[in-house]
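Colleague: below are the sequence and a predicted model; questions follow.
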Amino acid sequence: MTNLRVVINEILKEKKDVLLSVLFGFIAGMAAIGLFSASGYLLSKAAIGVPLTALTVVIAIVKLLGVTRAFSRYGERYYSHRASFTVLGHIRKTFYRRLDQSFSTLMQKYQSGDLLSRMVGDIESLQTYFLRVLYPPMLLFFIFLTTIFFASFFSFWVAAILFIGFILQILVLPTLFYWWLMKTKSTVRMDRTTLSNDAGEYFFGYKELKIFQHEKTQKNALIKASDQYERSSFNQKRKERLHQTIYTWVGYFIIWLVLAAGAYFVSDGDLNGIYLAVFLLLSITLFENSEVLSALPIHLANSQEVSERLSEVEPTGHEDMKTTVSSLGSLQMEQLTFSYPNALSPALLDVSFILNRGSKTAIVGPSGSGKSTIIDLVLGIESTQDGRILWNNELVEKLEPSSLWKHSNVVLQESHFFYGTVRDNLFADSTHTDADMLKVLERVNLSYLDLDSLVLEKGSNLSGGEKQRLAVARTLLKPEAELWLLDEPTSSLDTKNKDNIYRQLWNETEDKTMLLITHELTHLEDMDQIIVLQEGKIVESGTYEELMKRQGEFFQMKQIEDSVLL
C-alpha cells in the first residue's frame, strides 16, 4: 500500500456512489440554505403586515424545501456511507492478502500487538478518509460557489464577504492547522501500539510473570504505557478543540460582517430591508454546514499516518504465483541462503539437497540450526533470497502456494489449537464421518477424548503430548497427501507413544515423500538420507549406516544421545 494512493484508487472504483452522494449532498445543502433563506424572507414579509394570501407560494416553497432536505440528506448518508464501507472492505482485503503472502516473516519483524493495531485500528481509521477528508470540501466547494453566485444578484459586497469566508474556512484555516499538526506530530498512534504490545505481553505471559515474581514490574510498565497514551490523547484533543474554537469564531465573525454590511446597505438604501434577514439566515446556515471542515486536518493527518504504517507491511513474496501444482514430484534446493529480518546471522547458508519423489529424508541438528526454516521455504511461506528451490523443475516462487499446501501434510513444531471442540481442531472435511475421526484419535492413543470435548484457546487444557498427538491425527485424516513435512512431531512424547506415532507415520507414508525435522536421532535407521545441519550449514549427509561408519558429526551426536539415555 503506497500511502493514500491506494485509498484514492479504491474510492475511484466506487465513483457511482461517490457522485450520487455528492449530488444528494449538494441538493440537501442547497435545500437547507433555501429553506432558511425563504424563512427569513417569510418572516420579514410577515413583519411588515403583508396578507397571508400573498405569502402562500413562499410557504409552499418552505414546506417543499423541508421535505427535499430530509429525503436528499438520507440519500447522501446512504450513498456516502456505502461507498466508504465498500472501500474499507477492499482495503482490508488488500492488507490481509499482503499479510498472507509473508505472514511468518512479518511475525518476525513486528510484534503481534503492533500487527493487530494495524489490522484493526489503522484500517478502521481509514473509513473517515472519504467521509471526513475528500467528501466535505468537494461538497462545500459547490455549495459555497452557488450561494455566493446567488447573493451577488442582490449585493456584491455581501457576496464578497461570503467569498472571503469561503477562502478562510475551506483553504486557509485547514491548511494552517494541518501544517501545525504535522509540525507537532502526535504520538497517539505510537503510544496506542506500545500499549497494545505491553498488554499482549502481560496477558500472554501472566503465568510466567507470576511464577518468577515479575508481575508487578510488567504491570507498572503497562500502567505507564496507559498513562502515556492518555496524556498524548489529551494533548491531541486539546489541539482539536483549539482549532474547532478558532474555526467556529471565524465563522461567527463572517456572519457578523454579513449582518453589519447588510444593515449598512439597508440604511444607505442600496439594499431592500426584507433581504437582511435572508442574508443573515443564509450565512448562518452556510457556515454551520462548513463546521465539518474544522476536523478535516485531523482526519487527513491521521489517514496519512495510518496509510504510511500500512504501507510498511510489504509482502516479501512474488505477485505472479499463478501456476497450479497438480502433483508433487522431486524437490531440489540449490545453494540457498536465507536470513530473517534483523537477524544477526543467516538462518541457512549455501544449503543444497535433493528430495526425490517417495524418498524419506531426515534433517537433524541442534536447536537454532535452521531446520524449521526449511519447511517454510519448501512450502513457499517464506520467499527465497539467494539460491533456488525447484518443485518439478519449476521455481517455488512461480507456484500457487495453496496448491502446494493441498498436496502436503504438515506437523509444525508448535501447532495451534483453536477454542472449540476436538472435532473442530481436527480440520476434518465433509467426507469424514465421526467414525473416521474417532479412528484416528484411537491410532494416536487419544481414544479417551470425545469429539465434542472442549478445547480452550491455544489448547491450554491439553498437555504438550496431547497437542502433538492431536496434530498428528490431523495428518492421518489426509492420507492422500504426497508430501509429509514433520517438524519435531514427537518431542513431547514418552517412548511408548513416540514408537506408536512413528509406526503410524511409516504406515501412511510408505509410498509418499517425507521430510522429518528432528533433534532426536532415534527411528532414523530406515531413512533414505540424513542431513546434518549446524549453524545453517550442511556439515554432512548420507544414510544412517554411512554416517555411523564415517564417525563424523552425526556419530558424535548419536554417542552423546545414547550416553544420556543410558
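Modeller: That came through, no problem. Just so we're clear, the structure is a prediction, and the values are computed from it rather than from any experiment. Numbers count the residues shown, from 1 in each chain.

Colleague: please make it C-alpha for all contacts and neighbour counts, starting now.
Modeller: Noted.

Colleague: show me the shaky parts of the stretch 151-300 of the chain.
Modeller: Applying pLDDT under 70 to the stretch 151-300 of the chain picks out residues 182-186, 189.

Colleague: how about the strands in it?
Modeller: Along the stretch 151-300 of the chain, counting by DSSP state E, counting those that start in this stretch, no stretch forms strands.

Colleague: for it, which segments count as helices?
Modeller: Taking DSSP state H, counting those that start in this stretch, the helices of the stretch 151-300 of the chain run over residues 156-167, 173-183, 188-204, 206-211, 215-267, 274-289, 296-312.

Colleague: helices or strands up against the fifth one?
Modeller: Applying 3 or more CA pairs under 8 Å, 6 or more residues apart in numbering; DSSP states H and E, one finds that helix 215-267 makes contact with helix 156-167, helix 188-204, helix 206-211, helix 274-289.

Colleague: if we can go back for a sec, could the helices of the stretch 151-300 of the chain go into a markdown table alongside mean neighbour count and distance to Glu382?
Modeller: Shown next, in a markdown table, are the helices of the stretch 151-300 of the chain (neighbours: other CA atoms under 10 Å; distance: least, CA to CA, whole Å):
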| stretch | mean neighbour count | distance to Glu382 |
| --- | --- | --- |
| helix 156-167 | 18 | 53 |
| helix 173-183 | 16 | 37 |
| helix 188-204 | 19 | 25 |
| helix 206-211 | 13 | 31 |
| helix 215-267 | 16 | 33 |
| helix 274-289 | 21 | 52 |
| helix 296-312 | 20 | 18 |
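
Colleague: mind checking the ones you listed for the one nearest to Glu553?
Modeller: Among these, helix 206-211 comes nearest to Glu553, with 36.4 Å by CA to CA.

Colleague: mind giving me the packing neighbours of that closest one?
Modeller: Checking 3+ CA pairs under 8 Å, 6+ apart, helix 206-211 ends up next to helix 215-267.

Colleague: ok, which of the helices of the stretch 151-300 of the chain comes nearest Ala435?
Modeller: Each of those has some distance to Ala435 by CA to CA; the shortest is helix 188-204, at 36.2 Å.

Colleague: for Gly358, helix, strand, or coil?
Modeller: coil (DSSP: H, G, I helix; E, B strand; the rest coil).

Colleague: can you count the residues close to it?
Modeller: Gly358 has 18 neighbours, counted by other CA atoms under 10 Å.

Colleague: quick one: it and Thr513 touch, right?
Modeller: Yes - using CA atoms under 8 Å, Gly358 makes contact with Thr513 at a distance of 4.1 Å.

Colleague: sorry, back to before: mind putting the helices of the stretch 151-300 of the chain into a markdown table with distance to His81?
Modeller: Converted to a markdown table, the helices of the stretch 151-300 of the chain look like this (distance: least, CA to CA, whole Å):
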| stretch | distance to His81 |
| --- | --- |
| helix 156-167 | 26 |
| helix 173-183 | 23 |
| helix 188-204 | 25 |
| helix 206-211 | 42 |
| helix 215-267 | 24 |
| helix 274-289 | 18 |
| helix 296-312 | 16 |
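
Colleague: who wins for proximity to Lys63 among those?
Modeller: Among the helices of the stretch 151-300 of the chain, helix 274-289 comes nearest to Lys63, with 16.7 Å by CA to CA.

Colleague: can you list contacts of the closest one?
Modeller: 29, 32-34, 36-41, 43-45, 144, 151, 162, 251-252, 255, 258-259, 262-263, 266 (CA atoms under 8 Å, 6 or more residues apart in numbering).

Colleague: chain center to it: distance?
Modeller: Computed by CA atoms, centre = their mean, to the nearest Å, the separation of helix 274-289 from the middle of its chain amounts to 45 Å.

Colleague: restricting to C-alpha, output it in PDB.
Modeller: Taking Å, rounded to 0.1, in the frame of the first residue of the first chain, the C-alpha atoms of helix 274-289 are listed here in PDB:
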ATOM      1  CA  ILE A 274     -36.500  42.500   3.500                       C
ATOM      2  CA  TYR A 275     -33.300  40.800   2.400                       C
ATOM      3  CA  LEU A 276     -31.400  41.500   5.600                       C
ATOM      4  CA  ALA A 277     -33.000  38.500   7.400                       C
ATOM      5  CA  VAL A 278     -32.500  36.400   4.200                       C
ATOM      6  CA  PHE A 279     -28.700  37.100   4.200                       C
ATOM      7  CA  LEU A 280     -28.400  36.600   7.900                       C
ATOM      8  CA  LEU A 281     -30.100  33.200   8.000                       C
ATOM      9  CA  LEU A 282     -28.300  32.200   4.700                       C
ATOM     10  CA  SER A 283     -24.900  32.900   6.200                       C
ATOM     11  CA  ILE A 284     -25.700  31.200   9.500                       C
ATOM     12  CA  THR A 285     -26.800  28.000   7.600                       C
ATOM     13  CA  LEU A 286     -23.800  28.200   5.300                       C
ATOM     14  CA  PHE A 287     -21.200  28.400   8.000                       C
ATOM     15  CA  GLU A 288     -22.900  25.900  10.200                       C
ATOM     16  CA  ASN A 289     -22.600  23.400   7.300                       C
END
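
Colleague: which ones are touching Leu451?
Modeller: Leu451 neighbours (CA under 8 Å, 6+ apart): Thr421, Val422, Arg423, Asp434, Met437, Leu438.

Colleague: one more time with 7 Å, if that's ok
Modeller: Going by CA atoms under 7 Å, 6 or more residues apart in numbering, Leu451 touches Thr421, Val422, Arg423.

Colleague: how far away is Arg357 from Ala160?
Modeller: 82 Å (CA to CA, to the nearest Å).

Colleague: brain fart, Gly358
Modeller: If you go by CA to CA, the gap between Gly358 and Ala160 works out to 85 Å.

Colleague: thinking again about what came up before, next step: the contacts of Leu451 restricted to helices.
Modeller: Val422, Arg423 (DSSP state H).

Colleague: of the contacts of Leu451, which is the most crowded?
Modeller: Val422 (22 neighbours).

Colleague: hang on, it packs against Glu457?
Modeller: No - look at Val422 against Glu457 with CA atoms under 7 Å: they stay out of range, at 12.0 Å.

Colleague: give the other helices and strands that the strand or helix carrying Ile530 contacts.
Modeller: For Ile530, the element it lies in under DSSP states H and E is strand 529-534. On a contact count with 3 or more CA pairs under 7 Å, 6 or more residues apart in numbering; DSSP states H and E, strand 529-534 meets strand 360-364, strand 537-542.

Colleague: what angle do the very next helix or strand once past the first one and strand 360-364 make?
Modeller: Spelled out, that is strand 360-364. Using DSSP H and E, the helix or strand that follows strand 360-364 in sequence is helix 371-378. Comparing the axes of helix 371-378 and strand 360-364 via axes from the mean of the first three to the mean of the last three CA atoms, to 10 degrees yields an angle of 130 degrees.

Colleague: report the buried residues of helix 371-378.
Modeller: Residues Lys371, Ser372, Thr373, Ile374, Ile375, Leu377, Val378 are the ones in helix 371-378 that count as buried (16 or more other CA atoms under 10 Å).

Colleague: any idea how far Gly365 is from the first one?
Modeller: Lys371 sits at a distance of 7 Å from Gly365 (criterion: CA to CA).

Colleague: same question, the fourth one
Modeller: If you measure Ile374 against Gly365 using CA to CA, the figure is 13 Å.

Colleague: now the strand holding Ile530: mean pLDDT?
Modeller: For strand 529-534, the mean pLDDT works out to 92.

Colleague: quick one: residues in contact with it.
Modeller: Contact partners of strand 529-534, identified using CA under 7 Å, 6+ apart, comprise 360-366, 369, 538-544, 554.

Colleague: narrow the residues you listed to those that are buried.
Modeller: Buried members of the contacts of strand 529-534, scored by 16+ other CA under 10 Å, are 360-365, 369, 538, 541-544, 554.

Colleague: quick one: which of these is nearest Tyr340?
Modeller: Ranked by distance to Tyr340 (CA to CA), those are led by Ser369 at 13.2 Å.
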